[in-house]
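**Student:** okay, sequence plus prediction incoming.
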Amino acid sequence: GVRRTLERRIRAWRAVNGPDQDVVFRQEHVPGRMGLSDFTDMAELAVTVVGQPLEHRLYHFRLAYSGWEYAHVVLGGESFVALAEGLQNALWSLGGVPAEHRSDSLSAAFRNLERDTAEDATHRYEQLCAHYGMIPTRNNRGVAHENGSIESAHGHLKHAVRDALLLRGTRDFDGLAAYRRFIDEVVGQQNARRAKPVEAERAILKPLPAGRAGDFEEALVHVTSSGGFTLRKVFYTVPSRLIGHRLRVRLFDDRLDCFLGGTLVATLPRGRSRGNGKHGHVVDYRHVIHALRRKPMALLNLVYRDQLFPRRAYARVFEALLAAGSERQACTITVGLLSLAHERGCEAELAQVLDAELDAGRLPDPQGLRECFQPATPAITDVVVELVPLSVYDELGTVRPGAAA
């Protein structure tokens, strides 16, 4: 009781004799004037993809007047690439451009960057806005209410996504594309409720330019004898026929497009280095399985062995074979199963069979599995050819062109 009395008297004293406080000035939004961008973390929703937790955030764009919004799933950090891709996707989905683009001073994109890198990102951001004819504006650092038209919308969007997940009955998705479609559906339902103000604002927006601006970063890499290249502390495998070549790589938020000259030769999922400073690995077993078949013992101490297995079932088989037999047999059988999955295109089906065998306490039978997934022999069609008598060709020699009319 004494503490509450003291607090109440101090509060009353401050109301009479205390310093002036900051004042929030409510703003009237004009149609077609301002669009806002920000990122929001989605970890609290515990979304999974094929049973694996999906660490991601959403890029969130919103028109201040009508409330039209767009959300894009971002797998990495709050980078310029994520901002550029999400902003351009939003503008092209909207079909127009507002006069002004408001952000949080791009502090998220510039966090922990060197001075030269930050200045370069600022220059690219200004070029992006100039390409669309938007005026870039920023709220004061650390003053969240100046970006309130997007900050408060984060909570509403998360509530809508959470409710949609509850109605869906599961938070697990078959792939990243399925989750992105789910987010698009949720946002589309939100926008449908604001159809009239959105249409009124669309009529005032500026037209889009002829094409998109660059929403990627470029780098040159050399494909080594290891069958891949290292970029930003992540090792990527590529088809072995590219060994010795120099590739031009475009880095997007979720993928890498690799070009040999002007030809697109590979599209890879983008990886991130580990938080402990160790290198990450993005490995496609199809790129190396032909070489691994000739040298199966290389699997035993392979640097990226854990990332080589496309599904958990193949790792379980390898561990069970190691525990039950020799290392050579474990490597040979596991490589053979990976080769079978690649040759027959039965990666998922074979993984289900392997899980069932291991759950039943049995080791897989390579020969039986190869016979099980052997392609069906197509039926041979009998082709009947009717031979034409040779005398017919003799008659062709007696044909003469008709006289001119």
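**Tutor:** That came through, no problem.
**Student:** which residues of this structure fall in helices?
**Tutor:** Per DSSP state H, the chain carries helices over the ranges 2-17, 80-94, 107-110, 115-132, 148-168, 176-192, 195-202, 285-294, 305-308, 312-324, 327-344, 347-359, 366-372, 391-396.
**Student:** pLDDT (mean, whole number) over the fifth one?
**Tutor:** Along helix 148-168, the predicted confidence averages to a pLDDT of 88.
**Student:** quick one: it to helix 176-192, angle?
**Tutor:** Helix 148-168 runs at 120 degrees relative to helix 176-192, counting by axes from the mean of the first three to the mean of the last three Cα atoms, to 10 degrees.
**Student:** if you count neighbours, what's buried in helix 148-168?
**Tutor:** Neighbour-count burial for helix 148-168 flags 148-151, 153-154, 157-158, 160-161, 165 (criterion: 16 or more other Cβ atoms under 10 Å). From N, CA and C alone the C-beta is placed, and that goes for glycine too.
**Student:** reformat the helices of the chain as a markdown table; add distance to residue 262.
**Tutor:** Formatted as a markdown table, those follow (distance: least, Cβ to Cβ, whole Å):
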| stretch | distance to residue 262 |
| --- | --- |
| helix 2-17 | 69 |
| helix 80-94 | 22 |
| helix 107-110 | 30 |
| helix 115-132 | 23 |
| helix 148-168 | 39 |
| helix 176-192 | 27 |
| helix 195-202 | 37 |
| helix 285-294 | 22 |
| helix 305-308 | 30 |
| helix 312-324 | 37 |
| helix 327-344 | 29 |
| helix 347-359 | 32 |
| helix 366-372 | 41 |
| helix 391-396 | 52 |
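**Student:** low-confidence stretches in the chain?
**Tutor:** 24, 105-121, 140-148, 275-277, 376, 399, 401-405 (pLDDT under 70).
**Student:** need the residue closest to the centroid of it.
**Tutor:** What sits nearest the mean C-alpha location of the chain, by Cα atoms, centre = their mean, is residue 254, with 3.4 Å.
**Student:** list the contacts for that residue?
**Tutor:** Taking Cβ atoms under 8 Å, 6 or more residues apart in numbering, we find residue 254 in contact with 73, 75-76, 176, 269-270.
**Student:** pull the number of nearby residues for residue 355.
**Tutor:** Residues near residue 355, counting by other Cβ atoms under 10 Å, number 16.
**Student:** with adjacent residues omitted, what lies nearest to it?
**Tutor:** Once flanking residues are discounted, residue 355 sits nearest to residue 313: 4.8 Å by Cβ to Cβ, 6 or more residues apart in numbering.
**Student:** can you pull the contacts of the one you found?
**Tutor:** Residues in contact with residue 313 (Cβ under 8 Å, 6+ apart) are 350-352, 354-355, 358.
**Student:** redo the contacts of residue 254 as CSV? Include neighbour count.
**Tutor:** Formatted as CSV, the contacts of residue 254 follow (neighbours: other Cβ atoms under 10 Å):
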residue, neighbour count
73, 22
75, 18
76, 17
176, 16
269, 12
270, 19
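**Student:** which one of those is nearest residue 335?
**Tutor:** residue 269 (23.2 Å; Cβ to Cβ).
**Student:** which residues does that closest one bridge with?
**Tutor:** residue 255 (DSSP bridges).
**Student:** any idea how far the residue nearest to the centre of the chain lies from residue 301?
**Tutor:** Residue 254 is 31 Å from residue 301, where distance means Cβ to Cβ, to the nearest Å.
**Student:** over to residue 273?
**Tutor:** Residue 273 is 22 Å from residue 301, by Cβ to Cβ.
**Student:** neighbour count for the two, which is higher?
**Tutor:** Using other Cβ under 10 Å as the criterion, residue 273 and residue 301 rank with residue 273 on top: 14 against 8.
**Student:** surely the more buried one touches residue 231?
**Tutor:** No - using Cβ atoms under 8 Å, residue 273 is not in contact with residue 231, being 10.2 Å away.
**Student:** enumerate every residue touching residue 47.
**Tutor:** Here residue 47 is in contact with 53-54, 56, 165, 171-173, 179 (Cβ under 8 Å, 6+ apart).
**Student:** ok, it to residue 179 distance?
**Tutor:** 7 Å.
**Student:** list the residues that contact both of those two?
**Tutor:** Common contacts of residue 47 and residue 179 (Cβ under 8 Å, 6+ apart): 54, 173.
**Student:** burial count for residue 221?
**Tutor:** 18.
**Student:** check contacts around the residue nearest to it when sequence neighbours are not counted.
**Tutor:** Nearest non-adjacent residue to residue 221, counting by Cβ to Cβ, 6+ apart: residue 229, 4.0 Å away. Taking Cβ under 8 Å, 6+ apart, we find residue 229 in contact with 221-223, 235-236, 238, 247, 249.
**Student:** among those, which are in strands?
**Tutor:** Among the contacts of residue 229, the ones falling in strands (DSSP state E) are 221-222, 235-236, 247, 249.
**Student:** any chance of those in JSON lines, plus distance to residue 338?
**Tutor:** Below are the ones in strands among the contacts of residue 229 laid out as JSON lines (distance: Cβ to Cβ, whole Å):
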{"residue": "221", "distance to residue 338": "26"}
{"residue": "222", "distance to residue 338": "27"}
{"residue": "235", "distance to residue 338": "19"}
{"residue": "236", "distance to residue 338": "19"}
{"residue": "247", "distance to residue 338": "25"}
{"residue": "249", "distance to residue 338": "26"}
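**Student:** ok, and the most crowded of these?
**Tutor:** Result: residue 236 is most packed of the ones in strands among the contacts of residue 229 (other Cβ under 10 Å), 26 neighbours.
**Student:** tell me the contacts of it?
**Tutor:** Contacts of residue 236 by Cβ under 8 Å, 6+ apart are 228-230, 256, 268, 271, 282.
**Student:** look up how far residue 306 lies from it.
**Tutor:** Using Cβ to Cβ, residue 236 is found at 16 Å from residue 306.
**Student:** count of neighbours near residue 183?
**Tutor:** Considering only other Cβ under 10 Å, residue 183 is surrounded by 20 other residues.
**Student:** quick thing: my sequence starts at 44, can you match it?
**Tutor:** Yes, from this point I'll number from 44; that puts the last item at residue 226.
**Student:** now it: closest residue in space that isn't a chain neighbour?
**Tutor:** Closest to residue 226 by Cβ to Cβ, 6+ apart is residue 114, at 5.4 Å.
**Student:** tell me what that neighbour is bridged to.
**Tutor:** Taking DSSP bridges as the rule, residue 114 bridges to residue 103.
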